[in-house]
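Trainee: fold the following.
(one chain, ligands or ions: 1)
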Amino acid sequence: MENRNYSTVAIVLHWTIALVILGQIASGLYMHNLPNTSSIKFDMFQLHKSFGLSVLALSLLRLAWRFTHKPPTLPVAMPGWQKLAARMTHIGFYVLMIATPLAGLAMVSVSPLDIPTKLFGVVPVPHFPLLGIEDREGAEDILKEVHEYLAFGILGLLALHVGAALKHGLINRDGVLRSMSPAKAGLGIGLIFAAFGVGVAAYFSASAPTPPTVVFETVVEAVPTPEFVAPVPIEAAPVADEPASAITPSEVLELPVAAPDGAAVPVSNDNETDIVETIWIVDTAASQLVFIGEEKGRAFKGAFGGFQATINFDPNNLEASTIRVDVATVGLSTSDQLRDSTIPGKEWFHVKEYPTASFTSTAIRNVGGDAYEADGVLQIKTYEHPITLAFTLIIDGDNANASGAVDLIRTNYGLGLGSGWIDDEDVALNVRVEFEINATRKG
Ligand code: HEM
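Mentor: Got it, this is the predicted structure:
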């Protein structure tokens with residue numbers, strides 16, 4: 001007997017793929033024109049990638065079904081050239097339904113932004129290998145064009161396909177249009193879209209902020225509790241007698257930054273020893289370390305994933321005092337999803353390889369009253385540069401409050417290496433790091 005209708009599976013896949021592709025073309029064109037500052041742009045890109053990969057999977061399934069299940073025969077009265085045109089259009093659809101998502105995946109694989117692809121924010125999808133491509137931005141531009149033209153190719157075929165289907169249904173009335181009627185496939189299509197709904201919900205719950213994976217613990221070393229030694233005021237410098245609580249966060253942000261070789265006043269070190277026994281335990285919950293950058297002329301503030309400081313500090317023995325701060329670059333956040341997904345990438349902090357950055361002091365000096373400077377080396381990734389941290393330190397009994405700031409040139413540390421970032425057109429080269437640390441004397 002003549003096979004007049006497509007199977008239910010073929011119909012479910014046909015209409016599901018058609019609807020998702022239409023959504024993909026609409027969402028693709030819409031998101032392409034969104035400004036980077038748009039709060040929905042990042043999510044739209046991620047969901048577009050997820051739905052696009054679903055089209056790829058469903059199309060491969062449809063192709064496998066097509067090879068194993070015979071489609072209905074075309075009407076005998078249909079002219080040969082029309083049968084050939086129908087065949088070519090169907091083959092063209094299969095090619096484009098597979099090539100368009102693959103071109104999209106290739107585009108995000110070469111993108112210098114290195115934003116990972118996760119199906120609905122949950123299942124990681126590997127990117128294509130770079131195969132030695134060096135101009136990633138150039139390759140991304142080409143693939144963007146390819147992806148766009150392939151998608152427009154689908155639209156072109158769709159015009160032919162819908163035109164032919166309507167002719168069969170309205171003029172020839174030969175049952176071809178009815179053979180793909182979605183009437184008996186409503187349940188299957190509904191179930192697949194319900195699964196997409198679950199996927200979208202999973203995406204939004206998975207993209208909620210996650211805690212950093214680098215966890216610092218305070219290490220308490222077993223050394224004798226030292227006697228409290230009041231800071232030694234240097235000659236002619238006013239002695240600050242304000243309590244630590246007098247420092248407010250806003251004052252912290254206004255702190256001056258030391259000139260690298262500023263007018264440092266070395267402290268006299270008559271009873272100098274090689275070992276400083278005054279160890280300070282940092283209260284990380286009551287301390288903060290932030291950075292302030294500027295993108296497209298707008299300042300933004302960022303927080304690191306966490307930090308740990310090892311402070312052996314005695315104002316009477318600055319020569320032997322040391323400060324080391326380890327900062328988690330993993331979990332860095334600036335309250336902007338697009339930026340936060342870019343910063344961990346290779347061209348910025350490359351957190352996969354280098355999850356921490358560190359500052360190690362080489363010399364600490366008092367520059368008047370409660371003001372100090374610590375020379376040291378800041379290491380981010382494999383880049384090391386000397387910096388001078390200017391800070392104010394107020395010791396009140398067993399409590400200490402230190403606050404300060406330093407200005408850095410990000411490219412000295414290999415931050416923002418791609419051709420889109422290397423100059424200050426989009427992102428300012430200067431980044432200011434500010435900190436306020438509260439610590440208690442160990443004992
Ligand atoms: C059948 C599936 C797909 C269709 C029909 C489709 C269609 C489109 C269209 C029409 C655009 C707008 C093109 C432009 O104006 O530049 C677009 C953009 C985009 N697509 Fe797809 N897409 C599909 C699958 C995918 C997949 C699987 C991915 C990645 C895994 C992807 C990634 C992207 C990206 C990143 C853009 C934005 C390009 C930009 O504006 O920067 N697409 N897509």
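Trainee: which is the next helix or strand following the helix-or-strand element of the chain with minimal mean pLDDT?
Mentor: Least confident helix or strand, the chain: helix 249-253 with a mean of 27, by mean pLDDT, DSSP states H and E. Under the assignment DSSP states H and E, the closest C-terminal helix or strand after helix 249-253 is strand 279-282.
Trainee: strand partners (parallel or antiparallel) of that following strand?
Mentor: Its sheet considered, strand 279-282 pairs with strand 306-312 (antiparallel), strand 430-441 (antiparallel) by DSSP bridges.
Trainee: who in the chain is up against the ligand?
Mentor: By C-beta under 6 Å from any ligand atom, the residues of the chain that approach the ligand are 21, 24-25, 28-29, 32, 45, 48-49, 52-53, 55, 97, 100-101, 104-105, 107-108, 117, 144, 147-148, 151, 154. Quick note: C-beta positions are derived from backbone N, CA and C, even for glycine.
Trainee: restricted to strands, list those.
Mentor: Among the residues of the chain next to the ligand, the members falling in strands (DSSP state E) are residue 117.
Trainee: just the ones of the residues of the chain next to the ligand in helices?
Mentor: The helices, defined by DSSP state H, take in 21, 24-25, 28-29, 32, 45, 48-49, 52-53, 55, 97, 100-101, 104-105, 107-108, 144, 147-148, 151, 154 from these.
Trainee: list the contacts of residue 361.
Mentor: Counting by C-beta atoms under 8 Å, 6 or more residues apart in numbering, residue 361 makes contact with 321, 322, 323, 324, 374, 375, 376, 389.
Trainee: list the buried residues for the helix or strand containing it?
Mentor: Using DSSP H and E, residue 361 falls within strand 356-368. For strand 356-368, burial by neighbour count (16 or more other C-beta atoms under 10 Å) applies to 356, 357, 358, 359, 360, 361, 364, 365, 366, 367, 368.
Trainee: report all helices and strands that the helix or strand following that strand contacts.
Mentor: The helix or strand immediately downstream of strand 356-368 is strand 371-380, counting by DSSP H and E. Counting contacts by 3 or more C-beta pairs under 8 Å, 6 or more residues apart in numbering; DSSP states H and E, strand 371-380 packs against strand 356-368, strand 383-396.
Trainee: how about those strands in a markdown table, adding mean pLDDT?
Mentor: Output for the helices and strands packed on strand 371-380, formatted as a markdown table (pLDDT from 0 to 100):
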| stretch | mean pLDDT |
| --- | --- |
| strand 356-368 | 92 |
| strand 383-396 | 89 |
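Trainee: in its sheet, what does the strand holding residue 361 sit against?
Mentor: If you go by DSSP bridges, strand 356-368 pairs up with strand 322-328 (antiparallel), strand 371-380 (antiparallel).
Trainee: quick one: contacts for the residue in the stretch 151-300 of the chain that the ligand sits nearest to?
Mentor: Using C-beta to the nearest ligand atom, residue 151 is the residue of the stretch 151-300 of the chain that sits closest to the ligand, at 3.6 Å. Residues near residue 151 by C-beta under 8 Å, 6+ apart: 24, 25, 28, 100.
Trainee: and which of these is nearest the ligand?
Mentor: Nearest to the ligand out of the contacts of residue 151 is residue 28 (C-beta to the nearest ligand atom; 2.3 Å).
Trainee: burial of that closest one, as a residue count?
Mentor: For residue 28, the tally of surrounding residues (other C-beta atoms under 10 Å) stands at 18.
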